[in-house]
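> take a look and give me a structure for this.
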Amino acid sequence: MGSLWEFPGGKLEPTDADLAACLRREIDEELAIDIEVGEQFTTVKHAYTHFRITLHTFHARHIAGEPQKIGVADWRWVTLPELESFPFPVTDQKIIKALVQKP
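Numbers count the residues shown, from 1 in each chain. Down below sits the predicted model:
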């Protein structure tokens with residue numbers, strides 16, 4: 001979505017063994033970094049006019065590589081309070097709400 005920020009990730013492909021493998025592949029394709037995928041954090045379901053999506057979110061840790069702008073226009077490491085200064089689509093706002101509410 002133009003001019004909006006979003007959390008990294010993408011679509012599960014038939015070649016992905018599972019959601020964690022999908023996330024590792026997407027992060028590599030978007031930023032060229034390696035991550036360790038942790039526990040699933042939350043699931044967000046959202047309906048657009050003509051389709052529905054389900055976002056599966058995970059805790060993850062950066063383990064290697066310097067982020068590159070390969071599949072993204074820009075990227076930032078930010079703290080939870082800093083997220084307020086970035087415009088996000090509704091789906092990502094739901095993830096932020098879950099992040100703020102969970103200890």
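> so the closest residue to residue 11 other than its chain neighbours is in which element?
Using CB to CB, 6 or more residues apart in numbering and skipping residues adjacent in sequence, the residue nearest residue 11 is residue 22, 7.7 Å away. Glycine gets a C-beta too; all of them are placed from N, C-alpha and C. Assigned by DSSP states H and E, residue 22 falls within helix 19-31.
> distance from stretch 77-93 to the middle of the chain?
Distance, stretch centre to chain centre, for stretch 77-93: 11 Å (CA atoms, centre = their mean, to the nearest Å).
> follow-up on the earlier one: the residue nearest to residue 11 touches residue 16, doesn't it?
Yes. Residue 22 is within contact range of residue 16, at 4.1 Å (criterion: CB atoms under 8 Å).
> neighbour-wise, which of these two wins?
Between residue 22 and residue 16, counted using other CB atoms under 10 Å, residue 22 has the larger neighbour count: 20 against 16.
> and the more buried one, what does it touch?
Listed by CB atoms under 8 Å, 6 or more residues apart in numbering, the contact set of residue 22 reads 9-13, 16.
> one more: residue 37?
Residue 37 touches 20, 23-24, 58-60, counting by CB under 8 Å, 6+ apart.
> by neighbour count, which of the residues you listed wins?
residue 23 (21 neighbours).
> and it, how far is that from residue 49?
27 Å (CB to CB, to the nearest Å).
> over to residue 81?
Here the criterion is CB to CB. By it, residue 81 lies 33 Å from residue 49.
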